[in-house]
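**Student:** Attaching a predicted model along with its sequence, questions to come.
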Amino acid sequence: MAFRQYKLGTVGVGLMLGLSMTITLMLPSFDFRSAESTWVGLDKALSNGRLIGFSYEDPLVRGANKPITVILKEDPKTGATIDPPIRAYVYKPGTPFASPINHPDNLGPTVKSLGVERGKIDQAAKASGAVFTIEYADVNGQEWAYPVNATAVKGWSPDAALATAGDQNSRYVGRGKTVYITEGCWWCHTLLPEQTQDWQVFGAPPYLGDFNGEMPTAFGSDRKAPDILHVASRNSSREWMMMHFFNPRLVQPNSIMPRFDYLWGRVDVDGNKIDFKKWRAEYDEYRRGLRSHPPEVPEYARDTEIRALIDWVLTSLK
Ligand code: HEC
């Protein structure tokens, strides 16, 4: 009896080992490039630029050399109204292109042929910069999003696109994703609602094609805080984000999330020095009931890490 149990166990372990070896040996034959890129995948790749995280172009991982995502309400060349407004991804001369532009195979077969034939993405040159957009086409009754080199197709120059959008409609999304990584937000947050009841709270799980050419994906590993893949669809308030990043306890009294006030830098939008000590003292008075309101959160300056982080949260995470 005992012998038969051991035998069964041995066969079981053997089967499991065999199965895992089969998976290990067979998996490399799955061609990831057959996955077609979705709109989300294109949007992420084009906003993030070539790499997020360590690279020789940005050795200190400061979010340098990133494209700028702009919201266009007018055509940068003709001035014609664009309604509804669209997103465009501006690569100034010298900014490295996103991986699917350098390697269109990463887009998947259908999106690649649309991007090259109609979108002329193979004609973009890093030295002169380029502006990209995402358009839709119908192929065999199905709708596909594909990348367009608007510099070649519409004559939009990076400078004209930036000038048309203005700072008001420019979003430092790629740089913001870098801040997410360097600040270790992924230590607590995930960017991956799962195919369980999860999606009822955190929104739909992503598709395979949402990650074409994205590196790293920053899924996160262990969730200590809400999944934030779709956070901007449940909360799109810039003011709330500002208060919450400056000191999460301003809006969530028992939050364990750390303060990220240092991402404001030294000065506010008017160039005045931010007095963190005074702020803290006033906040402590408020907590002890000696003030009726907490102190105001300073308005951040244009070129700060917090601006990039909030741009990424509100533009990308829908
Ligand atoms: C120590 C863990 C921890 C770290 C690190 C952390 N957070 Fe959080 N975060 C939380 C917790 C817990 C909550 C829920 C309570 C709250 O809103 O403060 C939260 C809430 C949020 C929310 C609102 C979520 C919602 O569902 O409305 C956003 C957005 C957010 N965090 C972004 C970030 C970003 C960006 C960073 C990095 C700069 C970061 N967090 C770092 C723990 C963390």
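**Tutor:** Structure's in. What do you need? Quick caveat: nothing in here was measured; it's all calculated off a predicted structure.

**Student:** Domain map for the protein?
**Tutor:** Residue ranges for the domains of the chain, per automatic domain parsing: 39-173, 180-316.

**Student:** and the ligand, which of those is closest to it?
**Tutor:** Of all these, it is domain 180-316 that lies closest to the ligand, at 2.8 Å by CB to the nearest ligand atom. In this view, the C-beta of every residue, glycine as well, is placed from N, C-alpha and C.

**Student:** And the closest one, end to end?
**Tutor:** 12 Å (CA to CA, to the nearest Å).

**Student:** same deal with stretch 217-226?
**Tutor:** 17 Å.

**Student:** what mean pLDDT would you report for that stretch?
**Tutor:** For stretch 217-226, mean pLDDT is 90.

**Student:** cool, stretch 287-297 as well?
**Tutor:** In this model, stretch 287-297 has an average pLDDT of 96.

**Student:** Buried residues in that stretch, which are they?
**Tutor:** Applying a neighbour-count criterion of 16 or more other CB atoms under 10 Å, one finds P294, P295, V297 buried in stretch 287-297.

**Student:** most packed of the domains of the chain?
**Tutor:** Burial of these is given as mean neighbour count (mean count of other CB atoms under 10 Å); domain 39-173 ranks first at a mean of 19.

**Student:** distance between it and the chain's centre?
**Tutor:** In terms of CA atoms, centre = their mean, to the nearest Å, the centre of domain 39-173 is set 14 Å apart from its chain centre.

**Student:** Quick one: end-to-end distance for it.
**Tutor:** This stretch, domain 39-173, spans 16 Å end to end (CA to CA).

**Student:** and it, is it in reach of the ligand?
**Tutor:** No. Contact of domain 39-173 with the ligand (CB under 6 Å from any ligand atom) is absent, the minimum separation being 12.9 Å.

**Student:** pLDDT-wise, which helix or strand of the protein ranks last?
**Tutor:** Every helix and strand in the chain was compared by mean pLDDT, DSSP states H and E; the lowest is helix 2-26, with a mean of 85.

**Student:** now for it, which elements pack on it?
**Tutor:** If you count contacts as 3 or more CB pairs under 8 Å, 6 or more residues apart in numbering; DSSP states H and E, helix 2-26 packs onto no helix or strand.

**Student:** buried sites along that helix?
**Tutor:** Buried residues in helix 2-26, counted by 16+ other CB under 10 Å: none are found.

**Student:** After it, heading C-terminal, what element do we hit next?
**Tutor:** helix 39-48 (DSSP states H and E).

**Student:** Compute the inter-axis angle for the helix or strand that that following helix is followed by and helix 39-48.
**Tutor:** Counting by DSSP H and E, the element after helix 39-48 in chain order, helix or strand, is strand 68-74. Between the axis of strand 68-74 and that of helix 39-48 there is an angle of 110 degrees, by axes from the mean of the first three to the mean of the last three CA atoms, to 10 degrees.

**Student:** Chain neighbours aside, what residue packs nearest to N169?
**Tutor:** With sequence-adjacent residues excluded and distances taken as CB to CB, 6 or more residues apart in numbering, N169 is closest to I71, at 4.2 Å.

**Student:** I'd say the one you found and Y89 touch.
**Tutor:** No. Applying CB atoms under 8 Å as the test, I71 and Y89 come out as separate, 11.3 Å apart.

**Student:** After the strand or helix carrying S233, which helix or strand is next?
**Tutor:** Element membership of S233 [criterion: DSSP H and E] is helix 231-234. Using DSSP H and E, the helix or strand that follows helix 231-234 in sequence is helix 238-246.

**Student:** which secondary structure elements does that following helix contact?
**Tutor:** helix 305-316.

**Student:** Which neighbouring elements make contact with the helix it packs on?
**Tutor:** Here helix 305-316 touches helix 39-48, strand 170-171, helix 173-182, helix 231-234, helix 238-246, going by 3+ CB pairs under 8 Å, 6+ apart.

**Student:** hmm, try it at 6 Å
**Tutor:** Contacts defined by 3 or more CB pairs under 6 Å, 6 or more residues apart in numbering; DSSP states H and E place helix 305-316 against helix 173-182.

**Student:** how big is the angle separating the helix it packs on from strand 68-74?
**Tutor:** In terms of direction (the same axes, to 10 degrees), helix 173-182 departs from strand 68-74 by 150 degrees.

**Student:** Helix or strand next in line after helix 173-182, which one?
**Tutor:** That would be, after helix 173-182 and using DSSP H and E, helix 198-202.

**Student:** How about residues contacting that next one?
**Tutor:** Helix 198-202 is contacted from outside by P193, P205, D227, using CB atoms under 6 Å, 6 or more residues apart in numbering.

**Student:** Return the residues of the stretch 201-318 of the chain in contact with the ligand.
**Tutor:** 224-226, 228, 231, 235, 248, 252, 255-258, 260, 309, 313.

**Student:** can you tell me the average pLDDT over stretch 71-90?
**Tutor:** 97.
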